[in-house]
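> predicted model and sequence below, questions to follow.
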Amino acid sequence: MSRKLFSWVLPAWKTMAAGILLAFFTVFSGAGLMGTAAYIIAAAALHPSMEALSVAIVGVRFFGLSRAVFRYAERYISHDATFRLLSRIRVFLYAAVEPQIPAAGRGKSGEMLYGLVSAVEELKYVYLRVLNPYSVAALVLIAAALFLALFSSPMVYALIVGFVAAGICWPVLIRYLAGSTVSRRDRARGRFHCLLVDTIRGITELTAYDAAGRQQEQIAAAGGNLARLQKKKVRLTGLADAGSQVITSYTLWAILFLAVPLVYAKKISGIDLAVILLVVQSSFEAVLPLGNALYSLAESRTAARRLEAVQAWTAPAASRKPGLKPRYPVPVEARSLCFSYRDSRIWTLENLSFTLAPGERVALVGPSGAGKSTMVSLLLGFWPYQSGSLRLGNFELKDCDPGEIRRHIAVVTQHTHIFNTTIRDNILLARPEAGWNELEQAAEDAALTELIERLPAGYDTLTGLNGRALSGGERQRIAIARALLKDAPLLFLDEPTAGLDPLTAREVMAGIDKLMAGRTTLLVTHQLTGLAGMDKILVLSRGKLVEQGNMRELLSRQGLFYEMWKLQQDRCNWSL
Ligand SMILES: Nc1ncnc2c1ncn2[C@@H]1O[C@H](COP(=O)(O)OP(=O)(O)OP(=O)(O)O)[C@@H](O)[C@H]1O
């Protein structure tokens, strides 16, 4: 078992141990029931008095009842243990995945999400299918061997051989036959679900480009591959169960073979023979689930590795709190900052050095792919940078808790997500405890009042799924109201007016102007014409800072900024 798997299982050891003991007593009661029943039936053939059978009759009643009670308690406790294990894994998973959300946004989220959910599902069986049955089988073997030792040692050896064959040799063979099925099925399932998620997301493009048929073929191929591996698993499960049954039968034959001469030699009675056989048969109830145990263990280990890999993506969260205060603009400073994504061989940001003075309005511009959004992600603490320094006030970002950093930052992005709830709740997302006056003020400053007055239920109007009921400009104004309400000292704006018509963009920018007042602001934009009001412009190209200065300085320098600005101007002139 991997160390991580062990660390999830360990804290619930008491509940798990209780479950194991109860499962043992269930099998024990079952064997006791069969043994006493066999005794009564076999002894009845000799017409004994009722008194001679009275103890056995009480035994049947006792074991019959205790078996049901133990089974109930065992199921209850085992499920409790499993759910405790599940909750620990889910908490671990959430903590590991939450910082990955920006990364997940790059296309792999469907596969990642499905992979993780199914990994959790598989891990919950590590106790039910591996730990519990193996422990119970060991306890039952000891009890059954002690029972048989009362009659003859060779029968004990036969029992041990039967248990080892059914509990160890057979599962090892099944695991061997499974080969790489476990990992291949895991990958095939991930691929299949990734394709499905991708298809649903891209259905418009697929339909428009008449590519739905090809996509369907890919899904069918991936589904077929998964079904083939699934079938192999089902066949192996069937084989595992059948093999365990066969081993049980042969062990019973072996014990019968050893016991019959003892009956002839009058060392044991015929009644004992019946009791022995039925007790042994019942004790094998403990090894029947083991056929598949090693296969299940392999599945759990694959699942645990998948979860561990997610954790490995994340840098260990630092605990230091930057402790910045709202309303007090803070400086941001980068010195020789270098960053690359984990699957990239080149620096995405290379040797960046710049400063955002307290309250300064700075624009970050550059061609597509220059690294602008990456810079914002770094400032939000989504990714750890490899070298150099990035400071918020007096705090090195790498040493701070990313969650704490984000508490001091307000963000308006190009794609504002509107939740399927009321306008009020959508704005209050930024600060749920804000009072009515603050909410109204934020809505007014973001120019939302007129819209809200027009809506049938005002602030309580539902926005529909993904804000269907709102236009692009209205969504951005909600984002501005959120940011105003958050009242953070730092403001990051990532293309807040992209995709809006010029008039709406101007209205949104008016709201943003209010938002920027008194806050250190970084505005990422492709729109170079409205940057005269910015204190500074940083020009990025292929991850390097190639120019910086105010609009006038950059235009007079006639470098990259000037070229981009000129192109935009020319485009405007052509379209006139
Ligand atoms: N999560 C990621 N994993 C791997 N590479 C990434 C990731 N995000 C961005 N990149 C790569 O990093 C580089 C910079 O991307 P980034 O999105 O920061 O550029 P940008 O300047 O914001 O572009 P645009 O203006 O088009 O939004 C690109 O080459 C991009 O492919």
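That came in fine, so what should we check first?
> after whichever strand or helix holds residue 507 comes which helix or strand?
Following DSSP states H and E, one finds residue 507 within helix 502-516. Once the chain leaves helix 502-516, the next helix or strand it forms, by DSSP H and E, is strand 520-524.
> mind giving me the packing neighbours of that following strand?
Using 3 or more CB pairs under 8 Å, 6 or more residues apart in numbering; DSSP states H and E as the contact test, the elements touching strand 520-524 are strand 349-356, strand 361-365, helix 372-379, strand 490-494. Any C-beta I mention is one placed from the backbone N, CA and C, and that applies to glycine too.
> ok, back up a step: name the helices or strands packed onto the helix holding residue 507?
Here helix 502-516 touches strand 409-413, helix 436-445, helix 472-486, strand 490-494, going by 3+ CB pairs under 8 Å, 6+ apart.
> out of those, which gets nearest to the ligand?
When the helices and strands packed on helix 502-516 are compared by CB to the nearest ligand atom, strand 490-494 sits nearest the ligand, at 8.0 Å.
> could you list every helix and strand in contact with that closest one?
Judged by 3+ CB pairs under 8 Å, 6+ apart, strand 490-494 is in contact with helix 372-379, strand 409-413, helix 502-516, strand 520-524.
> thinking residue 274 is in contact with residue 40, fair?
No. Using CB atoms under 8 Å, residue 274 makes no contact with residue 40, being 9.8 Å away.
> so between those two, which is more surrounded?
Neighbour totals were compared for residue 274 and residue 40, and residue 274 leads with 21 against 16 (other CB atoms under 10 Å).
> distance check, that one against the ligand.
Distance, residue 274 to the ligand, by CB to the nearest ligand atom, to the nearest Å: 70 Å.
> sorry, back to before: can I get the helices and strands packed on helix 502-516 in CSV including mean pLDDT and mean neighbour count?
Below are the helices and strands packed on helix 502-516 laid out as CSV (pLDDT from 0 to 100; neighbours: other CB atoms under 10 Å):
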stretch, mean pLDDT, mean neighbour count
strand 409-413, 85, 22
helix 436-445, 86, 16
helix 472-486, 85, 24
strand 490-494, 88, 24
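> now the ones you listed in CSV, please, with extra columns for distance to the ligand.
Output for those, formatted as CSV (distance: least, CB to the nearest ligand atom, whole Å):
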stretch, distance to the ligand
strand 409-413, 11
helix 436-445, 28
helix 472-486, 17
strand 490-494, 8
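> turn those into JSON lines, columns for distance to residue 566.
JSON lines is the format used below for the helices and strands packed on helix 502-516 (distance: least, CB to CB, whole Å):
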{"stretch": "strand 409-413", "distance to residue 566": "28"}
{"stretch": "helix 436-445", "distance to residue 566": "35"}
{"stretch": "helix 472-486", "distance to residue 566": "28"}
{"stretch": "strand 490-494", "distance to residue 566": "24"}
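> outline the domain layout of this structure.
Domain segmentation of the chain under automatic domain parsing yields 3-313, 331-408+492-576, 414-487.
> how about residue 46: what's its closest non-neighbour residue?
residue 271 (8.0 Å; CB to CB, 6 or more residues apart in numbering).
> part of a helix, is that neighbour?
Yes. Assessed by DSSP: H, G, I helix; E, B strand; the rest coil, residue 271 belongs to a helix.
> how many neighbouring residues does it have?
Using other CB under 10 Å, residue 271 is surrounded by 20 other residues.
> now the strands for the stretch 201-350 of the chain?
Along the stretch 201-350 of the chain, counting by DSSP state E, counting those that start in this stretch, strands occupy 332-339, 349-356.
> out of these, which is closest to residue 570?
Of all those, it is strand 349-356 that lies closest to residue 570, at 28.9 Å by CB to CB.
> output the closest one as PDB, restricted to C-alpha atoms.
Provided in PDB are the C-alpha atoms of strand 349-356 (Å, rounded to 0.1, in the frame of the first residue of the first chain):
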ATOM      1  CA  LEU A 349       8.400  35.000 -18.200                       C
ATOM      2  CA  GLU A 350      12.100  35.800 -18.300                       C
ATOM      3  CA  ASN A 351      14.000  38.200 -16.100                       C
ATOM      4  CA  LEU A 352      11.200  40.600 -15.500                       C
ATOM      5  CA  SER A 353      11.900  43.700 -13.400                       C
ATOM      6  CA  PHE A 354       9.300  46.400 -12.800                       C
ATOM      7  CA  THR A 355       7.600  48.400 -10.100                       C
ATOM      8  CA  LEU A 356       4.000  49.400  -9.500                       C
END
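> got the contact list for that strand?
The contact list for strand 349-356 (CB atoms under 8 Å, 6 or more residues apart in numbering) reads 331-340, 362, 371, 374-375, 378, 385, 388, 520-522, 536, 538, 543-545, 548.
> could you pick out the buried ones from those?
Buried members of those, scored by 16 or more other CB atoms under 10 Å, are 331-334, 337, 339-340, 362, 371, 374-375, 378, 385, 388, 520-522, 536, 538, 543, 545, 548.
> from those, which are also near the ligand?
371, 374 (CB under 6 Å from any ligand atom).
> residue 67 reaches residue 22, doesn't it?
No. At 11.1 Å, residue 67 does not count as touching residue 22 under the criterion of CB under 8 Å.
> quick check: which ranges of the stretch 351-500 of the chain have low pLDDT?
Filtered on pLDDT under 70, the stretch 351-500 of the chain yields the residue ranges 465-467.
> sorry, back to before: let me have the strands of the stretch 201-350 of the chain in CSV, adding distance to residue 475 as columns.
Below are the strands of the stretch 201-350 of the chain laid out as CSV (distance: least, CB to CB, whole Å):
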stretch, distance to residue 475
strand 332-339, 27
strand 349-356, 27
